[in-house]
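Student: Test case, fold it:
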Amino acid sequence: MAPPGRIMQDLRRARVLVVHPRDEDGDALVAHLKRLGCEVRATWPLPPVLPAGIDTVFLHIEDVPLEYALQMTDQQQPAIIAIVTYESPTVLQTLIDLNAHGVISKPLRPLGILTQFALARYRQSYERRLAGKVQKLEDTLKGRRLIDRAVAALRSMNGLDEEAAYKLLRDQATAKRVAMATVAESIIAAQETMKSLGLAIAERDVS
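Tutor: Numbering: from 1, shown residues only. All right, here's what the predicted structure looks like:
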C-alpha cells in the first residue's frame, strides 16, 4: 500500500482536464484541484480529442453523447471521474459503459473530491498494469502456438523427431539472437510459400 505522502505526490503530478460547463460548480472544482497542486485545464463542451499528456478527466456526463466521450478517451485511456447531478438507470448505464473510475455528485463540495481523485487514479493504474500482464500472457501463448507450428513444419519437411526439431529451432534463434517465435514465423512463412508455389516437400511419416 502506498504511503499517504506518495499518494499526494501522485496527485500533484496529475495532468487534469475538467470537462464541465463554465459555471460556479465548474469554477469551484478547477480552483480546488489547483489548490491540490496539479496541472489543470478546463473546457466545455467536450473536445473531439483529448489534449496530449492528460491522464485524468473530470467529466460532466450529462448532455455529453457517450460515443463522443468514448472516442475522446479511447487512445490515452485516462482515469475518469464522472460528475453527475442525479441518479437514474440511464446515468448508471453511462457510468458502466464509460468505465468511470470514480463518481462525484453535484452540487460539488470539496469533501469527497480528493478521495475520488486518488481512488480513480489508483484504479486506472491498476487496470493498466493488469492489461499489461494479460498482453504478456497473450503474447506468450501466441509465441508458443507459433513454435508448435514451426516444430511440426520441421518434422514434416525434414523427418525430425519433436526434440530435434525444437532444438534446431532454438539453436537458430540463439545464433541469430532473436526470439524463438520470430524464427518460427519465418519457418511457417517459408513452408506456406512453398505450398503456394506447389514446391512443398512431401510430408514424411513422423509418427
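Student: Assess the claim that Pro51 and Leu17 are in contact.
Tutor: Yes: Pro51 lies in contact with Leu17 (CB atoms under 8 Å); the separation is 6.4 Å. Every C-beta, even on glycine, is put in place using the N, C-alpha and C of the backbone.
Student: Which neighbours do the two have in common?
Tutor: Common contacts of Pro51 and Leu17, defined by CB atoms under 8 Å, 6 or more residues apart in numbering, comprise Arg41.
Student: In stretch 118-137, which residues are buried?
Tutor: Of the residues in stretch 118-137, those with enough neighbours to count as buried (16 or more other CB atoms under 10 Å) are 118, 120-124.
Student: Quick check: what element follows the longest helix anywhere in the chain along the chain?
Tutor: Taking residue count as the measure and DSSP state H as the definition, the longest helix of the chain comes out as helix 113-158. Stepping forward along the backbone from helix 113-158, the first helix or strand reached (DSSP states H and E) is helix 162-176.
Student: how about Leu83, what does it touch?
Tutor: Rather than Leu, residue 83 is Ile. With CB under 8 Å, 6+ apart, Ile83 has these contacts: 20, 29, 58-61, 103-106, 108.
Student: ok, 7 Å please
Tutor: With contacts taken as CB atoms under 7 Å, 6 or more residues apart in numbering, Ile83 has the following neighbours: 20, 58-61, 104, 106.
Student: Surely it is in a helix?
Tutor: No: applying DSSP: H, G, I helix; E, B strand; the rest coil, one finds Ile83 to be strand, outside a helix.
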